[in-house]
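> sequence first, predicted coordinates after that:
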Amino acid sequence: MASNRSVVLVAVCAMLGGILSLAGCKFFTSGKSPKIKWQFSTDDRIVSTPALAADGTVYVTSIRLLYALTPDGQMKWRYFPGQEIRTSPVVGPDGSIYVMDVLCALHALNPDGTKRWIVEVGSFFPQPPQPASTCVWPSTPAFSREGLLLIGTGAGFAFALDPTTGATKKQIAPISAAGSPEVSHMQSADSPKISDGDLAVEGGGALQLFNAAGNVLWTVNLTRGGSTVSFRGPAIASDGRIVVSGWDDKLHAYDFQGQPQWELQGQWTGDPVIASDGTIYVGNTEGVVALRENGTQLWKVPVTRAGSLTLADDGTIYVPGQELGRDKDGRFMFNLRALDKKGVSKWTLGVDGQIEGGAAIAPDGTIYFGTNLTINPGPKPYLGILYALAEKNGGLMRAGWPKSFGSTTNDGRAPSGP
């Protein structure tokens, strides 16, 4: 009953305005209840992972708009790119914001929301004599150590752009399919057979490693039943491991020479994360699994359709999930769970929609995540909600690969240590 009531009360609270004060609003919780600082209703569903700037600004994309919010949930500005957005926002070193639309245009904005530039990355609609599209399903950009923007296009190409002007510095081919170029923080000394300079891993289609010069160092393709299938987003460990799930129903580990280390069968539902001690956490249709570096299981906790995980510096694991069954009105029920590093539940918070992206964690421990309400039928005054939860967790884990897109800024790099 408490779970059913929370769905109704969330809707009532949401109709009170865009920024929601939650005093008096009840939510389904178990364990120690986290404090909900605020929620912000969006025009459309949120399928992205929020990005956090150094000044505390929270950036999140719905399918239609990029929003900039203050740490206390007040909207600073919003931006309409003219096309749908299916990628997450990225914050650059100078505070600029980058977002890709579905027609392969990269939009660069200043921190005040004004346009810096817009550049078409590749070609969605090819013109003769070009035989085919060079961009069909673009990825969230990543920043190289050199400061270039790396973008996978989903059509066999990746591009390196100057973030100041949008000019193409390098076209990298052949990248086999879409995915975010996750950039490792490794030095060349950690992997002596790899060329000097930036090393980037492209996942989402083939798995490839390429360097700052645009040279593809190796490629791994997945097959299933004689057909080629795609990888999901990779996690990169400082010891030279790449852990990535695939649509072949396996979790794979490779070294930085592209040699397979181990694989694990399962229906994986999110990108893996790697803790500072090397432990790997990943969700599947049955729960959250913790693995040693060699792929052997430490523990498994039942969670229905565990999504993309996020690791806090105190070891807390935040897990998007789903309640079993439906409420009395036939609606699916969703939640965010907090587990300790041994898999013991700390709390569960019922939320009003599916958490399709991962969570972001601010330095003060605040957790930000968005929901998609369209999964359930019926009229709605809003289609997405951005939540802000108060937690004492030490912020995002400062080593390993603690979330999708690596760091709090979604720049595709592992976070720096203290």
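Happy to help now that I have it.
> how many neighbours does residue 92 have?
20 (other CB atoms under 10 Å). Placement of C-beta: from N, CA and C, glycine included.
> tell me if I'm right that it and residue 163 touch.
Yes - here residue 92 lies in contact with residue 163, judged by CB atoms under 8 Å, at a distance of 5.6 Å.
> which residues do the two both contact?
The contact sets of residue 92 and residue 163 overlap at 98, 143 (CB atoms under 8 Å, 6 or more residues apart in numbering).
> touching, residue 273 and residue 399? I think so.
No - Residue 273 is beyond contact range of residue 399, at 11.7 Å (criterion: CB under 8 Å).
> mutual contacts of those two, please.
Here residue 273 and residue 399 have no joint contacts, going by CB under 8 Å, 6+ apart.
> between those two, tell me which one has more neighbours.
Set side by side, residue 273 and residue 399 show unequal neighbour counts under other CB under 10 Å, the larger going to residue 273 at 25 against 20.
> quick one: the more buried one from residue 219, how far?
Distance from residue 273 to residue 219, counting by CB to CB, to the nearest Å: 24 Å.
> same check on residue 36?
As judged by CB to CB, residue 36 and residue 219 stand 45 Å apart.
> those two: who's more crowded?
Using other CB under 10 Å, the more surrounded residue of residue 36 and residue 219 is residue 36, with 19 against 16.
> and the helix or strand the more buried one falls within, what's its mean pLDDT?
Under the criterion DSSP states H and E, the helix or strand holding residue 36 is strand 35-42. Mean pLDDT, computed over strand 35-42, is 95.
> that one: what's the following helix or strand?
Remark: after strand 35-42, the chain's next helix or strand is strand 51-52, criterion DSSP H and E.
> over the following helix or strand past that following strand, what's the mean pLDDT, rounded is fine.
If you walk from strand 51-52 toward the C-terminus, the next helix or strand you reach (DSSP H and E) is strand 58-61. Model confidence over strand 58-61 averages 98 on the pLDDT scale.
> could you do stretch 271-278 as well?
Summarised as a single mean, pLDDT over stretch 271-278 is 93.
> and for stretch 231-251?
Here the average pLDDT along stretch 231-251 is 85.
> what comes up buried for that stretch?
231-238, 240-246, 248, 250-251 (16 or more other CB atoms under 10 Å).
> so where do the helices sit in the stretch 301-418 of the chain?
Listed from the start of the chain, the stretch 301-418 of the chain has no helices (DSSP state H, counting those that start in this stretch) to report.
> what about the strands in it?
310-311, 317-326, 332-339, 345-351, 360-361, 367-372, 384-390 (DSSP state E, counting those that start in this stretch).
> run through the stretch 51-200 of the chain and note the low-pLDDT ranges.
In the prediction, the stretch 51-200 of the chain carries residues with pLDDT under 70 at positions 123-134, 154-156, 173-200.
> ok, 80 please
Per-residue confidence for the stretch 51-200 of the chain (pLDDT under 80) gives these ranges: 122-138, 144-146, 152-158, 170-200.
> then the stretch 201-350 of the chain?
Of all residues in the stretch 201-350 of the chain, those with pLDDT under 80 make up the ranges 201-218, 226-230, 232, 238-239, 324-325, 328-329.
> swap in 50 and give it another go.
Counting by pLDDT under 50, the stretch 201-350 of the chain contains no low-confidence residues.
> hang on, residue 331 packs against residue 376?
Yes - under the criterion of CB under 8 Å, residue 331 lies in contact with residue 376, with a separation of 4.2 Å.
> and the strands in the stretch 1-150 of the chain?
19-20, 29-31, 35-42, 51-52, 58-61, 66-69, 75-79, 90-91, 97-100, 105-109, 115-120, 142-143, 149-152.
> checking residue 163 next. Helix, strand or coil?
Secondary structure assignment for residue 163 (DSSP: H, G, I helix; E, B strand; the rest coil): coil.
> how about it, nearest residue that isn't a chain neighbour?
Counting by CB to CB, 6 or more residues apart in numbering, residue 163 lies nearest to residue 149, which is 5.1 Å off, once chain neighbours are set aside.
> can I get the CA coordinates of the helix or strand where residue 282 lies in PDB?
Using DSSP H and E, residue 282 falls within strand 280-283. C-alpha atoms of strand 280-283 as PDB (Å, rounded to 0.1, in the frame of the first residue of the first chain):
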ATOM      1  CA  ILE A 280      34.000  -5.200 -10.500                       C
ATOM      2  CA  TYR A 281      30.300  -4.600 -10.100                       C
ATOM      3  CA  VAL A 282      27.700  -5.100 -12.800                       C
ATOM      4  CA  GLY A 283      23.900  -5.600 -13.000                       C
END
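> partners of it in the sheet?
Strand partners for strand 280-283, identified by DSSP bridges, are recorded as strand 273-274 (antiparallel), strand 287-291 (antiparallel).
> with respect to residue 50, which of the ones you listed lies nearest?
Within these, the stretch nearest residue 50 is strand 273-274; the backing value is 16.2 Å (CB to CB).
> got a list of what residue 281 touches?
Residue 281 makes contact with 272-275, 288-291, 309, 311, 317, according to CB under 8 Å, 6+ apart.
> what about residue 361, how many residues close to it?
Applying other CB under 10 Å, we find 28 other residues in the vicinity of residue 361.
> could the strands of the stretch 301-418 of the chain be laid out in a markdown table, adding distance to residue 135?
Listed next are the strands of the stretch 301-418 of the chain as a markdown table, based on distance: least, CB to CB, whole Å:
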| stretch | distance to residue 135 |
| --- | --- |
| strand 310-311 | 29 |
| strand 317-326 | 29 |
| strand 332-339 | 32 |
| strand 345-351 | 34 |
| strand 360-361 | 27 |
| strand 367-372 | 25 |
| strand 384-390 | 26 |
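> so which of these is the most packed in?
The highest mean neighbour count among the strands of the stretch 301-418 of the chain belongs to strand 360-361 (a mean of 28), with neighbours defined as mean count of other CB atoms under 10 Å.
> could you list every helix and strand in contact with that strand?
With contacts defined as 3 or more CB pairs under 8 Å, 6 or more residues apart in numbering; DSSP states H and E, the packing partners of strand 360-361 are strand 367-372.
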